[in-house]
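Chemist: A predicted structure for the sequence below; I have some questions about it.
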Amino acid sequence: MGIAQAIKRTLMPVYSGLKHVFLKPYTVKWPYEKVPNLPEEGYRFDPKAGIGYPGSKGRHVLYMEKCTGCGSCDLTCQNIAEAITMTHGFDVLIVLDEGCYESFKRSMPGIVEAVEALVGSFSAEPGRIEYNSLSSFFWAPTDTRQVTKVEGGYEIRLNREPIFDARAVEVLHQKVYPAVEKLKAAGWELRKLDAATESASVELSRQDFTFNVLVRKIEMGYKQNRRSLFPSIDYGRCVMCGFCVDACPFQALEMTGEFEISSTSRRELVYTPTMLAKRPEDFNVTGVPPELNMIERMRMIFRRLVW
Amino acid sequence: MVAEEVKSVEVYEVGPTLTFSMGPQHPGTGHFRMVITVLGDTVVRCDPDPGFVHRGEEKMCEYKTWITNIPHLERPAILDAAGMVYPYVLAVERLMGVEPPERAKYLRVIMAELQRICSHLYWLGLMGVFAGHATMYMWCFGDREYLVDLTQLIGGQRITHSYFVPGGVRNDAPAKVPKELVKEFRRYYRMMLGRDYGGEVPEDFRRYALAVCEFFDTRLDEYYRMLLDSSIFIYRTKGVGVLRREDAVSLGVVGPVLRGSGVRSDTRIDEPYDAYPYIKFNVPTMDGCDSYSRMMVGYYEMKESVRIIEQAIEQMPDGPVKLKQHPVSIRVPAGEVFASAEAARGQCSFYIRSDGTDRPYRVKICSPSFRNLIALPHLIRDVRVADIPIIYWSLNYWPVECDR
Amino acid sequence: MPAAEEALNRIVDDLKKKFGDKVLEVVIEPKKIAKVLVAPECIKEVAQYLKSEWAMDYIKGVTGVDLSRLPDKPQEALEVIYHVGSMSSEDLRGVTFSLSTKVSLSNPVMPSLTGVWRGAEMHEREVYEMLGVNFEGHPDMRRLLLPEFWSDKPPLRKDYAVPGRER
C-alpha cells in the first residue's frame, strides 16, 4: 500500500463526513412537522375485478351503510391476528317500576344508593369513548332528562355511546357486575339472571324495592344489516396486512394512511364500529402542539427560514 | 528470509479457561447467545445458542390457510419480508401449476430488490457501529428512508407489506407520487447530486423511482469513500474470520458469505425465477474469504440491485397483475415441492407438502441465517475477543430468521 | 430449466441401476421435486455415492415430516429428507436433489449423515428436537431451538396439538 493511498484512505472519510455539517439534516421533526411521505389514499380492494388499489395500509375505515355483518373479515382474521370481532351495540339500562321511581324521586336512601353504585361503576373506568368529547364532563347519568317513560315503568340509560361487545353477558360482567357485588354486600339480593347473546338482565331486590338492570341490543336501523353486527378491531393485535379488506365482498372496509394510533392503555386500542366509521381526519389533529414552548417554536421557524 | 534462531522461550501463566455468554442481551447480537470459552484473550471454543425468538412458524403454518400464512411468514425477517415470502409464493404457485402475469413478475422483482437493499443497508450500517463508526448507521438509515417510501408506495407498508400472493401481487404500482414527497426528495437530490431532478411530470411514479435509484447509486459511492475504503475499517476487517472456499461449500453456507468465499452461486442465475431471466446483472464475488470480502460483496450487491430495479422499471409491461382467483381462500392440489429464492441473506428455500386441503400439511423453512449459523463456531475459533462482533455481523446473521 | 431436469433424471436412473431394489420409491415432478426414498440402513451408502460420483457436496436443508395424518395413506412413520445440491459441478448448479428415508414413529433411529455432509449438523439437531429422530453417530446431539424446560412431545409431530388451537 503506497503512501498516497494511505493518506487518501485516511482523509477521504473525514472529508465525506465534514461535508454534511453544511447540509440540511434529513430528520423530520415528527410529530411537530408532518411526515411528508404518506400516500394520501389508503389500500382498497375491488371485489369485482379481484385486485387491490395501491395505498397505505393504516387504520381501517368502515362504511356502516355497506357492511352486512357477514363476518368474512372476522373469519379471515381468525387465521392471521384474531384482531377483528363481530360486535353488537348495547345499551345498559336501569329499569324501575312506578313505585320504585317514585321513591327514587323522593330520594329514599335505599334505592338511591343502589342507583348511585351502578352509575359509579360506569364512571369509574371511562374508556376511549369519552376521550375527547367535552360534553361528557357535563353529563351525569342520573340526570332526569335521561329517564324515559316506557310501558310499566321508567328506564335510566347509563351509557352515552353504545357499548360494543360480542355478547350481552360480557357487558353485564364487565360493566355491571362490580356494582352488583357491592350491592350484594349491602344486603341486596340477586333474584334472577337472564343471559343471552343479544340481551341480558339481572334483577335486584331488597325489602320492598325491586328493579332490573338490562343490557339491550341497539337496532342500528341499517337495511342491509338487520342483525346490527359490525366489526370491531383491536389495534393491539392487528398486523395491518389488509387481508380483511380483500375478504370483504361489499367494499365496506378500507384502509387509510392513519398510523398514529398509539395509546396509553390496551383498552383504548380496541376500535368500535362507530370509531372505525369516522375518517381519520375527523379526530386526528397534527400540527404544532400548544404545549411547545417559545424557544422550540422559534427554532422551528428559524429552521424553515434558513434552509 | 532466514528464520531466526530461537534463543529462549518465555512461558506465561495464562490460567484456566473462562467460559462466558455473549448475549442474549448484547446490543449487537440481538436475541442470540454465544457461549464463549476463552484462554486469555483468545477464543478457544464458541457454542452458538439460538432459540430465544423461536416462534414455531412451521407448526403455525399447519394451522393457517394458504393465503393467511403470508403475513406471519414475513415476520421472521421483517427487513427482508419479500425474501422470506418469495419462495413460499413460488412453491405454492408451482404446486398449483400457475404462472403469474408478466407485470406481476416485474413488480415482484422490484419489491424483492428494494428489500434486499434495505436489508443490506441495515447490515452495512450496523457493521459501521461494530467497527466503531456510528455515522455510517445514521447515513444508512437516512437514505434507507427513500427506499422504504418506495416500498410503501407500492406495497402499502414500510416493511411487512404482505404484497406477494400466489398468482401475482395484490395491487399495481401507483401512477402518481404525492407532491410533498417529491418536493422533499428534490431538495436532497439537488443537495447530493448538484443538479435538479425534474422532467415534465416529476410526480410520475416511474420517473420518481428511477430518480431514487440514481440518488442512491451516488450515495453508495459516498459510502465506499466513508467506510469501506477507510483505513480503520480495512484494518479491522481484512483477514478476520477467514472462511476458505472448500469450507464454505462443505458447511453449506449461503448468500454473501458463500460469494465472499469466491463461489459464484446465486439462486437468481442458478435457477432463475420470475423476471430475473430477462434482466442483465452481475453476481459479485470476492476471493478474500474474510469479513471485508463479505462486506464488499454486500456493497456490490446493492449496486447490482439498483441496476436491476432500473431495468425492471424500464422493461415492465402493462397488463394485469394478478390471476382471477378468490382473494383469501385458494385450493392447492396435493403434492410436494421444494422451491428456492434469493433472499437478502442468501438462498431461502421452502419444502411444502400439501394434502389437498385448505391448509399445508408440512412447511419447512430453510432460512439463510440458519444455514449460516454453522459457520459461526467454525469462524470464531483462535481469534481475539475483540474480533467476535466483526465476524458475527459479517455473516449478516438475523436471529429471528434463524429461529423461525 | 430442461438441463436441470435432464440432470436429475440421469441421477435417478443411475441410482436405480446402482442400488436396484434398495431404492424404494421415486418421485420426479418437473419444477417441483426430485426425491428418492431409500431404506435407513443404506442411506449413508447412497449419500456417499451421491457425493463422490455426482459431486453433490452442498447441503441445503434437512426436513422431517410426520406421515401419520396423511389423508390418503397414513403411515406410522417419519420421513427425513435431505435436500442437497452441487457447487463443484457447473451443470448441476441449479439442481436440488432430495434423498429421503423413512423411520418408524415408535423407534425413530437412523444413521447421521454429518460424516458425508458436514453442514448437516445443525439441520439434524433441529430434526432431532422437533421430531424426535435420533441420529446415530452425530457428534453433538443436543437441543437447538427449544427451551430447556420443554418436556412435552416433539412439537412438529402431528399428535402434538398447539394449546388453544384446533386444526
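Modeler: Received, thanks.
Chemist: bridging residues for whichever residue of the stretch 301-404 of chain B sits closest to chain C?
Modeler: Residue nearest to chain C within the stretch 301-404 of chain B (Cβ to the nearest Cβ): B:Cys366, separated by 3.4 Å. Where C-beta positions appear, they are placed from N, C-alpha and C, glycine not excepted. With DSSP bridges as the criterion, B:Cys366 is bridged to B:Ser349.
Chemist: domain ranges for chain A?
Modeler: Following automatic domain parsing, one gets these domains for chain A: A:44-86+A:229-306, A:87-217.
Chemist: Columns mean neighbour count on top of those domains, output as TSV?
Modeler: Below are those laid out as TSV (neighbours: other Cβ atoms under 10 Å in any protein chain shown):
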stretch	mean neighbour count
domain A:44-86+A:229-306	17
domain A:87-217	16
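Chemist: which stretch among these comes nearest chain C?
Modeler: Nearest to chain C among these is domain A:44-86+A:229-306 (10.3 Å), distances taken as Cβ to the nearest Cβ.
Chemist: Which SSE is immediately downstream of whichever helix in chain A runs longest?
Modeler: Once chain A is assigned using DSSP state H, the helix that runs over the most residues is helix A:3-19. Using DSSP states H and E, the helix or strand that follows helix A:3-19 towards the C-terminus is strand A:44-46.
Chemist: Is chain B within reach of that next one?
Modeler: Yes: among the residues of strand A:44-46, A:Phe45 lie within reach of chain B under Cβ under 8 Å from any Cβ of the partner chain.
Chemist: same for that strand, what does it pack against?
Modeler: The elements that strand A:44-46 packs onto, with contact taken as 3 or more Cβ pairs under 8 Å, 6 or more residues apart in numbering or on different chains; DSSP states H and E, are strand A:51-53, helix A:243-247.
Chemist: can you put these in a markdown table and add distance to chain C and mean pLDDT?
Modeler: As requested, these are arranged in a markdown table below (distance: least, Cβ to the nearest Cβ, whole Å; pLDDT from 0 to 100):
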| stretch | distance to chain C | mean pLDDT |
| --- | --- | --- |
| strand A:51-53 | 26 | 88 |
| helix A:243-247 | 19 | 90 |
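Chemist: Which single residue in chain C comes nearest to chain B?
Modeler: C:Gly119 (2.9 Å).
Chemist: Tell me how many other residues crowd the closest residue to that residue other than its chain neighbours.
Modeler: Distance criterion Cβ to Cβ, 6 or more residues apart in numbering or on different chains; nearest residue to C:Gly119, sequence neighbours excluded, is B:Gly252 at 2.9 Å. When counting by other Cβ atoms under 10 Å in any protein chain shown, one arrives at 28 neighbours for B:Gly252.
Chemist: Rebuild the helices and strands packed on strand A:44-46 as JSON lines, extending it with distance to chain B.
Modeler: Listed next are the helices and strands packed on strand A:44-46 as JSON lines, based on distance: least, Cβ to the nearest Cβ, whole Å:
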{"stretch": "strand A:51-53", "distance to chain B": "4"}
{"stretch": "helix A:243-247", "distance to chain B": "4"}
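Chemist: residues in contact with the spatially closest residue to B:Asp403 that is not a sequence neighbour?
Modeler: Spatial nearest neighbour of B:Asp403, chain neighbours left out: B:His54 (4.2 Å); criterion: Cβ to Cβ, 6+ apart. In this structure, B:His54 makes contact with B:Asp403, B:Arg404, C:Leu145, C:Leu146, C:Pro147, judged by Cβ atoms under 8 Å, 6 or more residues apart in numbering or on different chains.
Chemist: can we see that at 7 Å?
Modeler: B:Asp403, B:Arg404, C:Leu145, C:Leu146 (Cβ atoms under 7 Å, 6 or more residues apart in numbering or on different chains).
Chemist: where does it land in three-state SS?
Modeler: When classified by DSSP: H, G, I helix; E, B strand; the rest coil, B:His54 comes out as coil.
Chemist: List phi and psi for it.
Modeler: phi -70, psi 120 (degrees, to the nearest 10).
Chemist: Next: A:Leu193.
Modeler: Here A:Leu193 shows phi and psi, under degrees, to the nearest 10, equal to phi -120, psi 120.
Chemist: which SSE is the residue nearest to A:Gln224 when sequence neighbours are not counted in?
Modeler: Leaving aside its chain neighbours, A:Gln224 sits nearest to A:Thr68 (5.0 Å; criterion: Cβ to Cβ, 6+ apart). For A:Thr68, there is no host helix or strand (DSSP H and E).
Chemist: what ranges do the helices span in the stretch 251-400 of chain B?
Modeler: Applying DSSP state H, counting those that start in this stretch to the stretch 251-400 of chain B gives helices spanning B:255-259, B:267-270, B:291-315, B:368-373, B:375-379, B:388-394, B:399-403.
Chemist: Please indicate which of those has the most neighbours on average?
Modeler: helix B:255-259 (a mean of 29; mean count of other Cβ atoms under 10 Å in any protein chain shown).
Chemist: Where is the longest helix in chain B?
Modeler: Max-length helix for chain B by DSSP H is helix B:102-130.
Chemist: Would that one count as contacting chain A?
Modeler: No: counting by Cβ under 7 Å from any Cβ of the partner chain, chain A has no neighbours in helix B:102-130; the shortest distance is 10.4 Å.
Chemist: Packing partners of that helix?
Modeler: Here helix B:102-130 touches helix B:81-96, helix B:134-155, strand B:168-169, helix B:291-315, helix B:388-394, going by 3 or more Cβ pairs under 7 Å, 6 or more residues apart in numbering or on different chains; DSSP states H and E.
Chemist: and that helix, average pLDDT?
Modeler: Mean per-residue pLDDT for helix B:102-130: 91.
Chemist: ditto for stretch A:279-291
Modeler: Across stretch A:279-291, the per-residue pLDDT values average to 57.
Chemist: so where's the chain uncertain?
Modeler: Using chain A. A:1, A:31-40, A:121-146, A:281-292, A:300-301, A:303-307 (pLDDT under 70).
Chemist: looking at chain C here, not the other one
Modeler: C:1-2, C:167.
Chemist: Tell me the residues on it that lie near chain B, please.
Modeler: Residues of chain C lying near chain B by Cβ under 7 Å from any Cβ: C:1, C:4, C:27, C:29, C:31-33, C:35, C:57-61, C:63, C:65, C:70-71, C:81, C:83, C:87, C:93-94, C:96, C:98, C:118-119, C:121-122, C:144-146, C:155-156, C:162, C:165, C:167.
Chemist: Which among those residues count as buried?
Modeler: Using 16 or more other Cβ atoms under 10 Å in any protein chain shown as the burial test, the residues of chain C next to chain B include C:4, C:31-33, C:35, C:57-61, C:63, C:65, C:70, C:81, C:83, C:87, C:93-94, C:96, C:98, C:118-119, C:121-122, C:144-146, C:155-156 as buried.
Chemist: Which helix or which strand is home to C:Met110?
Modeler: Counting by DSSP H and E, the element that carries C:Met110 is strand C:109-111.
Chemist: Tell me which of the buried ones among the residues of chain C next to chain B fall in helices.
Modeler: Members of these lying in helices (criterion: DSSP H): C:Ala4, C:Glu121, C:Met122.
Chemist: Same list, those residues, but as JSON lines with distance to B:Met192 please.
Modeler: Output for those, formatted as JSON lines (distance: Cβ to Cβ, whole Å):
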{"residue": "C:Ala4", "distance to B:Met192": "44"}
{"residue": "C:Glu121", "distance to B:Met192": "47"}
{"residue": "C:Met122", "distance to B:Met192": "43"}
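Chemist: Quick check: of these, which lies closest to chain A?
Modeler: Nearest to chain A, judged by Cβ to the nearest Cβ, of these is C:Met122 at 29.7 Å.
Chemist: Does that closest one touch B:Asn372 like I think?
Modeler: No: with contact defined as Cβ atoms under 7 Å, C:Met122 does not reach B:Asn372; the gap is 9.8 Å.
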